Every structure is written in C-alpha cells, then in structure tokens.
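Peer 1: what follows is a predicted protein model with its sequence.
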Amino acid sequence: MADDLEKGLEGVLVAESELSFIDGDAGRLIYRGYSIEDLARGASYEEVLYLLWHGELPTEDELAAFTDALEDEREVSENVLATMERLADADERPMAALRTAVSMFSASEPEDDADPGDLEATLRKGRRITAKIPTALAAFERYRLGEEPVEPHPELGLAANFLYMLTGEEPDDVAAETFDQALILHADHGLNASTFTAMVIGSTMADIYSAVTGGVSALSGPLHGGANQDVMEVLIEIDESDLDHREWIEQATEEGRRIPGFGHRVYNVKDPRAKILQERSEELAEEGEGKWYDYTTTIERYLTEEKGLVEKGIAPNVDFYSGSVYYQLGIPIDMYTPIFAMSRAGGWIAHVLEYQEDNRLIRPRARYTGPSDQELVPLEKR
Ligand SMILES: CC(=O)SCCNC(=O)CCNC(=O)[C@H](O)C(C)(C)COP(=O)(O)OP(=O)(O)OC[C@H]1O[C@@H](n2cnc3c(N)ncnc32)[C@H](O)[C@@H]1OP(=O)(O)O
Ligand SMILES: O=C([O-])CC(=O)C(=O)O
C-alpha cells in the first residue's frame, strides 16, 4: 500500500469517467467529446443535460420528450414553499435555503421505495431534483422581496423560466441566451470538490437527494463555487473605493490579498469558460454599464501581465467573469452560487449514476499522527 500523502488529493486518480475532460495546460474542456465552446454556442442547457445523462446529444423528438418530462416536474410541494418563505423571513442565505430545499424534495418523491441499485429510478429522481431547483430558488427570492412565487411558465426552457420566475417578467432573448449559456458552462467539470462529495455519498448507495444536498454544501465554500459571489463583492468594493480600479488592485496585491476568481487546481492557463463569459460580459457592457467589464479586465491584465501570475499558473477561472454577467442581468449577488448549483446538479447526478454503475465504496485513509499507548485516567481523576 503506497504511503505517499497527496494533500488535497491533488492529481490522485480515483475513477474513470466518460463525462468531462479538462486539459489544464491547453485550457480545454469537453463534455463527452464536445468542446465547451461548441456546446455553449450551439446547444441548450437541456441538450447538455441529456448528453451528460444519456451519453449522446438528443434528436429533436428525444429533446421534446425530455423537455416535457422536466417541465412536468417543475412544481415544488406546499411544504417546500412554506419552508422557503420561513427561511426568507429568517434572512437565511439562498445557498443554505437551497441545501434545505433539495433535502426536502425527497419527502414528495413518488419512487421513494425504489431499490438503491435501480439506476433508472435514480435518473428519474435526479430529473425531478434538477427540474425543481429553479422553482424553489426563485420562490425563495420572491418571498425575500415580499412577493408571492411566480408559477413556472410552460412555454419557457429551464434557463428562461428561472429568470421569469425570479422577476415575473419574460426575459429578453439576450438575457435568456446568456443565462442558458452560463448554465451549460457550469454543468460539469471532472472531479471537482462538490462532484467528488456527491460521488462519495453516492458510493455508499445513499439516495440521490443526499448526494445532491452534499454537492450543494461543498459548492458553497469560497474556495469553490462561492467565489463567484466574492468576485462581484470585490468589484463593488472597487466601485465604492476612493481609489481607481487600477490603484485598488495594486494596493490589494501589495497587501497580499488573494483575489477570488483566480487560480485553479487543474488549469495552469485561463479557464476556457472564463473566456466565453468574458465575451458575454463585454457584450452586456456595450448595452449597459461598462465599468464592471473595465474593472475585471484591468484586474486580469494587472495580475497576469504585470504581476506575472500566469507564469505561476494562476489565471482567471470560471467564477471571475460570471459575477459581472449575472450582475448585468440584474440577478441578486447571493444567488450566483445557487445558480451554479442549479446547473451543476446535472453534473453531480451524471457522475453519481456513472459511478454507481460499477460501484465501489469510496474509503481512503489518513496517516495516523496521534499518540499511542495512552493510559485511560478515570474521569474523576483527570
Ligand atoms: C468553480 C471553482 O471552484 S473555480 C475556483 C474558485 N475559487 C477561487 O477563485 C478562490 C481563489 N482561488 C484559490 O483559493 C485557489 O486558487 C484554489 C482554491 C482555487 C486552488 O487551490 P490549490 O490548487 O489548492 O492551490 P493553492 O491554494 O495551494 O495555491 C497555489 C499557489 O497559488 C497561489 N494562489 C492561488 N490562488 C491565488 C489567487 N487567487 N491569488 C493569488 N495567489 C493565488 C497561492 O498563494 C499558492 O502560492 P504559493 O505556492 O507561493 O504559496
Ligand atoms: O474543477 C474544479 O476544481 C473547480 C471548477 O472549476 C468547477 O467545479 O467548475
């Protein structure tokens, strides 16, 4: 048994997967062989979900049936709505509300009795979770605003329907397409921390609700999905600062601040998803406020070209440009990480299913560094 310690499991191979591949030196990402650029420009989030879950892109008929099945599962129970309302009243964070909602969805699961090894049933459960997440999240936001939830729109796809349920207004084409693209870009990414969390839970043959709840929990941290919210908070800090954005980043670097949205365990160059989101951010800036795009590009240029971070393998990751895209779409800042989860649920479910097809309990070990041969002193004598 090898005794090498790989802190953070860096580079440790633990599974085989056909789902996504990352070339961290070339800045390339594929889902089942399709480049992320082609998928973002030529497919919808529903097509990508189908690809991840069923192994190939759907035909028109398959997509229509799949979309209908997702639409049929959008409603959430009265209990979930009541809980969203109570959590909104209690000023809970949306990511925590989502964690609670996913866990609660199982209470109305019609196939609750299915055998854990029945992967077809797991896939249907996963579809229900994916369809319901936007509804629960949007309801939470409506309650926070003191408004009633908006019923799902039967004519709109998952991305546009989420924006509709959030605001009560049908999004324009630019907003709907940009948001759909953002969902595609976030759907899967190898064995990132939240996917691995979901897989570990799935490897015990626990149900998919538990696995997705665990995925949401792992994604929430600032080293992972939580960074997209942190990036926008940094941009707002710059905006409110007396310094101009160039001076701000110089000072932040001198103070040794770690800038969110930079650095990645796998990429040594700019994340290909960040490039696509940067393009979207630039387009939105041309129509609206240009300053957010200016701030991000100034930070990127300063850190990469002047501070040479790229030479150290530290470049913008997916979270660096998503924040300013969502901000320009009018989405509340603390919804950014839940939106990431809304998309990544598709990847978590795909990985759990793939792993369970040839399941083996995930159980690594730690090198014990504690004392040995301790003598137990009775409580009253300690
Ligand atoms: C969707 C996602 O999860 S993408 C990642 C989202 N998270 C962020 O953007 C948060 C900011 N980034 C980070 O904290 C890290 O880059 C992580 C957590 C993403 C990757 O972490 P790891 O692979 O463990 O790298 P680690 O934290 O050990 O950093 C390696 C080196 O890069 C430096 N580094 C990493 N990220 C940054 C950053 N954002 N700014 C400045 N320096 C950085 C570290 O200081 C360290 O330098 P050193 O070797 O001189 O000490
Ligand atoms: O792959 C990772 O470690 C983090 C990431 O970019 C993602 O999950 O999308």
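Peer 2: Yes, it's here. Residues are numbered from 1 along each chain as shown. Ligands and ions are numbered 1, 2, ... in the order given.
Peer 1: for the residue nearest to Y293 when sequence neighbours are not counted, list the residues it contacts.
Peer 2: Nearest non-adjacent residue to Y293, counting by Cβ to Cβ, 6 or more residues apart in numbering: A285, 3.7 Å away. From N, CA and C alone the C-beta is placed, and that goes for glycine too. If you count contacts by Cβ atoms under 8 Å, 6 or more residues apart in numbering, A285 has them with W292, Y293, D294, Q328.
Peer 1: is the helix or strand hosting A285 anywhere near ligand 2?
Peer 2: Using DSSP states H and E, A285 falls within helix 272-287. No: judged by Cβ under 6 Å from any ligand atom, helix 272-287 stays clear of ligand 2, getting no closer than 7.5 Å.
Peer 1: just to revisit the earlier point, pLDDT at the residue nearest to Y293, what is it?
Peer 2: For A285, the pLDDT comes out at 93.
Peer 1: quick check: it vs S217, distance?
Peer 2: 34 Å (Cβ to Cβ, to the nearest Å).
Peer 1: same question, R144
Peer 2: Taking Cβ to Cβ as the measure, R144 falls 21 Å from S217.
Peer 1: around ligand 2, pick out the residues from the stretch 251-382 of the chain.
Peer 2: H264, R265, V266, N317, V318.
Peer 1: what's near enough to touch the closest residue to the first one other than its chain neighbours?
Peer 2: With Cβ to Cβ, 6+ apart as the criterion, H264 has its nearest non-adjacent residue at 4.7 Å, and that residue is N317. N317 is in contact with A227, G261, F262, G263, H264, Y267, D271, R273, A274, counting by Cβ under 8 Å, 6+ apart.
Peer 1: contacts only, for the fifth one.
Peer 2: It stands for H264. Contact analysis of H264 by Cβ under 8 Å, 6+ apart lists G24, D271, A315, N317.
Peer 1: now the second one
Peer 2: Residues touching G261, when contacts are defined by Cβ under 8 Å, 6+ apart, comprise A227, N228, D230, V231, V234, P316, N317, D319, F320, Y321, G323.
Peer 1: intersect those residues with the contacts of ligand 1.
Peer 2: Answer for the contacts of G261 near ligand 1 (Cβ under 6 Å from any ligand atom): A227, N317, D319.
Peer 1: mind pulling up the pLDDT for the spatially most central residue of the chain?
Peer 2: By Cα atoms, centre = their mean, the chain has its centre lying nearest to F340, at 2.9 Å. With respect to pLDDT, F340 scores 98.
Peer 1: how about it: what's its closest non-neighbour residue?
Peer 2: Spatial nearest neighbour of F340, chain neighbours left out: G225 (4.4 Å); criterion: Cβ to Cβ, 6+ apart.
Peer 1: how close does R41 sit to S35?
Peer 2: Note on R41: its distance to S35, by Cβ to Cβ, is 10 Å.
Peer 1: how about P154?
Peer 2: Between P154 and S35 the distance is 33 Å, computed by Cβ to Cβ.
Peer 1: would stretch 188-196 count as contacting ligand 2?
Peer 2: Yes: Stretch 188-196 comes into contact with ligand 2 (Cβ under 6 Å from any ligand atom), by way of H189, G190, N192.
Peer 1: now those residues: which count as buried?
Peer 2: The neighbour-count test (16 or more other Cβ atoms under 10 Å) marks H189, G190, N192 as buried among these.
Peer 1: could you export those as CSV, including pLDDT and distance to S108?
Peer 2: Shown next, in CSV, are these (pLDDT from 0 to 100; distance: Cβ to Cβ, whole Å):
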residue, pLDDT, distance to S108
H189, 98, 30
G190, 98, 32
N192, 98, 29
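Peer 1: output the residues you listed as CSV; include the columns secondary structure.
Peer 2: Shown next, in CSV, are those (DSSP: H, G, I helix; E, B strand; the rest coil):
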residue, secondary structure
H189, strand
G190, coil
N192, coil
